[in-house]
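A.B. asks: Let's see this in three dimensions:
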Amino acid sequence: VGARARVAMALPWRDWSEWEEVYAALFALDDDAARRTGLQRVATWRTRGRVPLAVETTATFVELDLSDRARDAAGCALSDHSLSLTYAMALTRLVNGVVDPLQQRARAVSVQKLAAEVALPASLVAVRHEATHNRLPSLPTLRLATEQAMLWLHERYWWPQLQLHRSLPALVGESLRKCQAAVDKRASSRVPRWRVVTCAAQLARKLEPCHARSV
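C.D. replies: Numbering: from 1, shown residues only. Next up is the predicted model:
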């Protein structure tokens, strides 16, 4: 509809029901088997194309948590330092991935200020700074930062996306009713064609794969 062709967003999951299953699995905090299943699904998504940063980093944190606890239970030889490096790298990637797209101004803005614009906890920015420029934070500090990161990802991406997905049928139904009313009105009177076209365009936007804006 319109002069410009609308391009649908290519997403790696089969449909939004699969996305919702993975969401439930990754955040099943008392079910390690379910979380591993979620990780396997995300691994499959990676083979299909680009996975959103929020999904990628959530899966990384879940995998780290499972490995960390399995290491403690099995007495694995992986050192605290090696594990800390892995945590620090994942947290740094999250912070950079969130703030880098916001750095679009003529003058550079501090990471801390950009992070505040999207309510990214200052503690995550501090961990990134320490890990990058100073001494590697302690393992307990990195574990706590990872928990904060998971909470932020849930509040800023997973939960809003879930609500958007579940509200889509109602939005589409409303658009269909408006479109039908516009068509009926045009058929019985001299309603400008652009009104029908506008209604159809609004419906097309509703039918495209929805994606919450955040990360």
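A.B. asks: Could you name the specific helix or strand carrying the spatially most central residue of the chain?
C.D. replies: By Cα atoms, centre = their mean, the mean C-alpha position of the chain lies nearest to residue 54, the distance being 3.3 Å. Using DSSP states H and E, residue 54 maps to helix 53-74.
A.B. asks: Tell me which helix or strand comes right after that helix.
C.D. replies: helix 80-99.
A.B. asks: tell me the mean pLDDT for that next one?
C.D. replies: Computed over helix 80-99, the mean pLDDT rounds to 93.
A.B. asks: Can you list the buried residues in stretch 109-122?
C.D. replies: Using 16 or more other Cβ atoms under 10 Å as the test for burial, stretch 109-122 gives 111, 114-115, 120-121. Placement of C-beta: from N, CA and C, glycine included.
A.B. asks: Please work out which residues outside that stretch touch it.
C.D. replies: By Cβ atoms under 8 Å, 6 or more residues apart in numbering, the residues outside stretch 109-122 that reach it are 95, 98-99, 102-103, 124-125, 128-129, 148-149, 152, 156, 214-215.
A.B. asks: Would you agree the residue nearest to the centre of the chain is in contact with residue 155?
C.D. replies: No - if you go by Cβ atoms under 8 Å, residue 54 and residue 155 don't touch, sitting 10.9 Å apart.
A.B. asks: From the chain's centre, how far out is stretch 113-124? Work that out for me.
C.D. replies: Offset of stretch 113-124 from its chain centre (Cα atoms, centre = their mean, to the nearest Å): 16 Å.
A.B. asks: repeat for stretch 114-130
C.D. replies: The chain centroid and the centroid of stretch 114-130 are separated by 17 Å under Cα atoms, centre = their mean.
A.B. asks: quick one: low-confidence parts of the protein?
C.D. replies: 1-9, 72-77, 106, 168-215 (pLDDT under 70).
A.B. asks: Let's see that with 80 instead.
C.D. replies: Residues of the chain meeting the criterion pLDDT under 80: 1-10, 71-78, 104-108, 167-215.
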